[in-house]
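Asks: sequence first, then the predicted structure:
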Amino acid sequence: MTLRLPVVVVCAALAAVVQSAVAADPVIWVTGVNDVTFSLNGTQDTTMSQFWDVLSTKVAITRGPVRGVFNPIADPIPETSYTHNVSPIGTLWAFSDLNGSPTFNYGAGAAIHSDLVFSNWEASLGGSTLLKANIDNRPGVIFLQDDNAYLDVIFTSWTTGGAMSYTRATPPPSVINAAWNGGSGNWSNPANWSSNPKYPSNGTNGTFTAAINTGNVTLDVDATVNNLTLGGTTGNWTAQLNLANRALVIAATSANKASIISTLLNQLATGKTNNYTGNGITSSAVASNATTMSIALADNSNLALTSFRGQSLNADSLILVAAHNGDASLDNKVDALDLNVLAAHWQQQSGALWSIGDFNGDGKVDALDLNVLAANWQFGSGGGGSLEAALAQFPQFSGVSVPEPGSIGFMALAVSLLVRRGKRSHG
């Protein structure tokens, strides 16, 4: 007897299978300095693993002396050669501007995988007769079906003799969670962390979560964390992080940046007590130069840097570093660039950070901050141009008279500016 299921039941069952298969969030591999380039010259023995590009426990890519790529570790039956419109088993492919997919650049395809049309490798390139014409230097994306992962790829060479070369993305780094063992010591010593034998050599942005519950940690290397936790509560921290003269980058996100900034500001305030000896975030370098330096908390959305002290940055990155007073741009100078930043945010009354001109940490950009900049004017720049002449370029500073560096009048500048500001505000 033949059992006939209603079409609606079959469709519902198929939908359930598909939904189950894609329920988990896909993994997007990353492109950058760790990209892998894989090449074959056409004479290799494809039974040997050194001629495979292993992508996962079930997928590796190789190629024989003729035809296309195949998967020598396919599960349950490994491929020993290429099969038209099937190989490599366990993968689906999409290429820029082919087979219904939109145009995209290498490194941007995996992120838009939901907009792409995936099929087997050969079909995705337009079929065997168009393969050679379409494959060279065309950005593509590989979907690893068992891993629910997408990675960018670009073939940079392809010949009929079995030679080929491509560059591809790599898996995102796993997050390393580690807790400080307590006591005093250097950040870079793996023995000081409870579960982090790879640190500090991991070196990848946003891969390290540091929890410092008690003790005193000295940052002896420039580093990046995706989360920093100090023991204690707001205003009553139980651990100390000494930045010294190094930079710590927080790989924040748009969702958590505001909360992180609020916590960091409090930790900076408590660490500043008793000449930067309190619990929270401190700097021995600033403590030794308290009249000319401060700890800067900068938002890279203001700076638009791609890297700082060897650490990769994006728009949501936050930077903690000892800086010379007035150096808003963190380029180790106090010059017209910094004055321009301060002028652009002049009289902002809340939410200001170092990177827009709040040099005294009160959340505002006003005369007090201009006084800080004035005291260090032309630091590191080799001189050139008076501050008064620079101020004259900005109408918001009209009427402000600033003494030149070295003048005793610097001490009175903040008071003078505040008086003028008060008269204008109430006039």
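Replies: Perfect, I can see it now. All figures in this text were calculated on a predicted structure; none of them were measured in a lab.

Asks: next, count neighbours for the closest residue in space to W180 that isn't next to it in sequence.
Replies: Nearest residue to W180 in three dimensions, chain neighbours excluded: I212, at 4.3 Å (Cβ to Cβ, 6 or more residues apart in numbering). Where C-beta positions appear, they are placed from N, C-alpha and C, glycine not excepted. Residue neighbour count, defined by other Cβ atoms under 10 Å, stands at 24 for I212.

Asks: beta partners for I212?
Replies: L230 (DSSP bridges).

Asks: return the residues in contact with it.
Replies: Residues near I212 by Cβ atoms under 8 Å, 6 or more residues apart in numbering: 179-180, 228-231, 239, 241.

Asks: so where's this structure uncertain?
Replies: 1-24, 195-206, 383-384, 401-427 (pLDDT under 70).

Asks: hang on, the earlier thing: among the contacts of I212, the buried ones, what's the PyMOL command?
Replies: Command for PyMOL, covering only those of these found buried under the criterion 16 or more other Cβ atoms under 10 Å:
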select buried, resi 179+180+228+230+231+239+241
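
Asks: what's the first-to-last distance across stretch 233-241?
Replies: 15 Å (Cα to Cα, to the nearest Å).

Asks: go on, stretch 207-226?
Replies: 6 Å.

Asks: now, which of the contacts of I212 sits nearest P173?
Replies: The closest of the contacts of I212 to P173 turns out to be L228 (Cβ to Cβ; 17.4 Å).

Asks: now the closest one. Nearest residue, chain neighbours left out?
Replies: Nearest non-adjacent residue to L228 (Cβ to Cβ, 6+ apart): A210, at 5.4 Å.

Asks: where does the one you found fall, secondary structure wise?
Replies: strand 208-212 (DSSP states H and E).

Asks: the helices in this protein, which residues?
Replies: Taking DSSP state H as the criterion, the chain carries its helices at 7-21, 121-124, 131-135, 257-271, 273-276, 284-287, 300-303, 336-344, 367-375, 387-391, 410-426.

Asks: excluding sequence neighbours, find me the nearest residue to A133.
Replies: G126 (8.0 Å).

Asks: for V217, which non-adjacent residue is closest in space?
Replies: L241 is the one closest to V217 (Cβ to Cβ, 6+ apart), at 5.1 Å.

Asks: typo on my end, it should be N360
Replies: Here the residue nearest N360, using Cβ to Cβ, 6+ apart, is L368, at 5.2 Å.

Asks: what is the neighbour count of the one you found?
Replies: Look at L368: counted by other Cβ under 10 Å, it has 17 neighbours.
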